[in-house]
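Engineer: here is the input, now give the coordinates:
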Amino acid sequence: MEAVPFIGVSRHRINIDGTGVTTLAAFHGCPLRCRYCLNPACFGKTDKLPHYTPQTLFNHVRIDNIYFLYTSGGICFGGGEPLLRTDFIREFRKLCGDAWKITAETSLAVPRSSVEAAAEVIDDFIVDIKDTNPAIYEAYTGRSNRGSLQNLRWLISAKGQEHVMVRVPLIPNYNTEADRDRSIALLLEMGVTQIDRFEYVIR
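Structural biologist: Next up, the predicted model:
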């Protein structure tokens, strides 16, 4: 497999991107165009970004193997959108085996086939759902949320609610506390039990 671009690899993250000590490996590329994108580098040129194959990334991060094993941590793939790179993650899983936990931070704004492939090799999912209101979601991201919500329903059924955490932000100028409450009510109806309420801080 050829090397793919990453916008960064961040070590020693504790209980931020999953359980235990994790390393965040953030892919370049994303299907959304969020108005307050936290990682605009995922849309830029790739010539100056680090490029890894599954093997070279494994070689780079296994220095923290003892931390991963001791704390039940591992690798969190983010971005950008990691589920655009399910073939990479599948190959990485073969290298690290089952001893490391693999988490993905995803919008689920990808084809169902990508979610199904990811569910076979990823332990836990952190889903950034933005807002369940279609108009708010499209105004903020530039695309429909219909596929993302359908994928979320499938993922809860396939992986179990204990492996899916949904992040529901308060987005200044786009949604309100009442909008967020409505999103959370819908998510609870869908079977989500782990919900992270937070607020975007716009600088």
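Engineer: going by C-alpha atoms from here, please, whenever you check contacts or count neighbours.
Structural biologist: Fine.
Engineer: and L57, which of the three is it?
Structural biologist: helix (DSSP: H, G, I helix; E, B strand; the rest coil).
Engineer: residues in contact with it?
Structural biologist: For L57, no residue meets the contact criterion (Cα atoms under 8 Å, 6 or more residues apart in numbering).
Engineer: can I assume I195 sits in a strand?
Structural biologist: Yes: in this structure, I195 lies within a strand as judged by three-state DSSP.
Engineer: that one reaches P169, doesn't it?
Structural biologist: No: the pair I195 / P169 is not scored as a contact, 10.2 Å apart, by Cα atoms under 8 Å.
Engineer: those two: which is more packed in?
Structural biologist: Neighbours were counted for I195 and for P169 using other Cα atoms under 10 Å; P169 has more, 20 against 16.
Engineer: now the more buried one, which residues is it bridged with?
Structural biologist: Under DSSP bridges, the beta-bridge partners of P169 are F198.
Engineer: from W154, how far out is it?
Structural biologist: Using Cα to Cα, to the nearest Å, we find P169 at a distance of 22 Å from W154.
Engineer: just S144 next, same as before
Structural biologist: Going from S144 to W154 by Cα to Cα gives 17 Å.
Engineer: tell me where this structure is predicted with low confidence.
Structural biologist: Scanning the chain with the threshold set as pLDDT under 70 gives 203.
Engineer: need the helices for it, in chain order.
Structural biologist: Here the chain has its helices, by DSSP state H, at 54-61, 65-71, 86-96, 112-119, 134-141, 146-159, 177-190.
Engineer: now the most far-flung residue of the chain relative to its centre: how far from P111?
Structural biologist: Most distant from the centre of the chain: A178, at 25.2 Å, with distances by Cα atoms, centre = their mean. For A178, the distance to P111 (Cα to Cα) stands at 30 Å.
Engineer: again with E91
Structural biologist: Distance, E91 to P111, using Cα to Cα: 20 Å.
Engineer: same check, this time on G78
Structural biologist: G78 is 17 Å from P111, by Cα to Cα.
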